[in-house]
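Engineer: structure of the sequence below:
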Amino acid sequence: MRQWWILFGVALGLTPVCDAQETRQALRPELAALEVLANACWIFHRDLYGLEFCFDSQLDGQILRAVQTDWDDTMSFAGADLILYWDAAEHRIGYRQYTSNGEVAEGWIVVAADSLAFRGDGIRLFPHAGSASPYHFRFVSSDALDVAELESGSGRGLQQPRRFERRALRLNMDRGACCDGDYQLAEWDRYRRLGVPSYMAAHLSHQLAPMEFMLRIGVADDPGNGLHHVRGGEPMYGGHFLRQLEVVTGSGGDVREETIYYWDAEAGEARFDTYSSVSGSRQGRVVFTDDGVRLAPLSDRGGHDGYPEIELRPGDPESGEVLLIPVRPGQAAEPAVGAQLRFERPERADIVLLLGPEWAPDAPAFRRRD
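Structural biologist: Numbers count the residues shown, from 1 in each chain. This next block holds a predicted model:
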């Protein structure tokens, strides 16, 4: 995701700048052990198949995101988003992997002097096949990384490690050539257009279909608190996930959040994971109502007290508006209607604020003033 930070104090009166390049974000101190991965792509390839991780620090360094893609000689692609974050509840680095086949794996990372071990569910190294397994990442040098599957409950590898080589980060760029091998892929995905490669679906899966109205991009002003909200979403990976971004600007600075909604087959309900530039990670569940959806934090999964339930409802279909309504504490059936926000169609500058200039190429380029 491009980090196009904007001071929204001069409402839509924006001055173009010549150089609108993204600023690399330092990871928060608790994630310092991951710096060796950050701001680089790591690629493994053979003649007939390959795999790439591109790591980028995001949300003011609160998360390290890897966009993971694998391919084979049939030009088949699969992908995953791997998000590494600080788990404040467990005092360790946590991770979640969202794959193009709709699976979610999560766990924690054990840090050693020259390696990282993905424990818990593990990850799908090749997202198109197989199940999640614990993996060991060992840094052979500053430009080489060995990745091996671990035997459950031990530190022993089950196979010969695969050697990954470091490449320059290429975020938000067309990747016309996947690798240095014999196969050059003509139709490679774009790394991010809001963070979603071009092979993803335009519609949500049937489990998440009631949330289609949340794909709209909208803006809402909260004059009582001096805040300006921009919110929008899009499907990820065949519609298995809904990825939502929100930017809140005000006198106290900008806050950015990313929320990923998915169907948890084991729990038999929709869940969400939120990553914030100011408050870390929190999780919750989605309750479908007659009017829309209700979002409730899950304290037993590391949710934070103080985050109220909210309802999201489609508003006037002609205007495409969306209503956000906080729910009164202790009165789950009675929303606090007076505090609602009404999200309406945005201006071009709002779209750039949320998603980046490729969504509104005729909008001026601008950056945040520090």
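Engineer: just for the stretch 1-150 of the chain, where's the confidence low?
Structural biologist: 1-24, 72-76 (pLDDT under 70).
Engineer: strands of that one, residue ranges please.
Structural biologist: Secondary structure of the stretch 1-150 of the chain (DSSP state E, counting those that start in this stretch): strands located at 40-45, 49-58, 63-72, 77-87, 92-99, 104-111, 115-123, 133-141, 144-149.
Engineer: kindly reformat the ones you listed as a markdown table containing distance to residue 322 and mean neighbour count.
Structural biologist: All C-beta spots, glycine's among them, are computed from the backbone N, C-alpha and C. What follows is the strands of the stretch 1-150 of the chain, written out as a markdown table (distance: least, CB to CB, whole Å; neighbours: other CB atoms under 10 Å):
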| stretch | distance to residue 322 | mean neighbour count |
| --- | --- | --- |
| strand 40-45 | 36 | 20 |
| strand 49-58 | 24 | 22 |
| strand 63-72 | 25 | 23 |
| strand 77-87 | 24 | 21 |
| strand 92-99 | 23 | 22 |
| strand 104-111 | 25 | 18 |
| strand 115-123 | 33 | 20 |
| strand 133-141 | 40 | 17 |
| strand 144-149 | 42 | 19 |
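Engineer: and those strands: which comes nearest residue 315?
Structural biologist: In terms of CB to CB, the element of the strands of the stretch 1-150 of the chain nearest to residue 315 is strand 92-99, at 29.1 Å.
Engineer: contacts for the closest one next, please.
Structural biologist: Contact partners of strand 92-99, identified using CB atoms under 8 Å, 6 or more residues apart in numbering, comprise 30-31, 33-34, 68, 78-87, 103-109, 111, 118, 123-124, 127, 132, 236-237, 240-241, 260, 262, 273, 281.
Engineer: at 6 Å instead, please
Structural biologist: With contacts defined as CB atoms under 6 Å, 6 or more residues apart in numbering, strand 92-99 is touched by 80-85, 87, 104-106, 108-109, 123-124, 127, 241.
Engineer: need the strands of the stretch 1-150 of the chain in a markdown table with distance to residue 222, can you?
Structural biologist: Shown next, in a markdown table, are the strands of the stretch 1-150 of the chain (distance: least, CB to CB, whole Å):
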| stretch | distance to residue 222 |
| --- | --- |
| strand 40-45 | 39 |
| strand 49-58 | 25 |
| strand 63-72 | 26 |
| strand 77-87 | 27 |
| strand 92-99 | 30 |
| strand 104-111 | 32 |
| strand 115-123 | 38 |
| strand 133-141 | 43 |
| strand 144-149 | 45 |
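Engineer: residue 290: which of the ones you listed is closest?
Structural biologist: Using CB to CB, the strands of the stretch 1-150 of the chain put strand 104-111 closest to residue 290, at 27.6 Å.
Engineer: and the angle for the closest one with strand 115-123?
Structural biologist: 160 degrees (axes from the mean of the first three to the mean of the last three CA atoms, to 10 degrees).
Engineer: who's in contact with strand 104-111?
Structural biologist: Here strand 104-111 has contacts from 33, 92-94, 96-98, 116-117, 119-121, 123, 132, 262, using CB under 6 Å, 6+ apart.
Engineer: with respect to residue 354, which of the residues you listed is nearest?
Structural biologist: Nearest to residue 354 among the contacts of strand 104-111, with distances taken as CB to CB, is residue 98, at 20.2 Å.
Engineer: ok, the spatially closest residue to that closest one that is not a sequence neighbour to residue 42 distance?
Structural biologist: Leaving aside its chain neighbours, residue 98 sits nearest to residue 81 (4.8 Å; criterion: CB to CB, 6 or more residues apart in numbering). Here residue 81 is placed at a distance of 15 Å from residue 42 (CB to CB, to the nearest Å).
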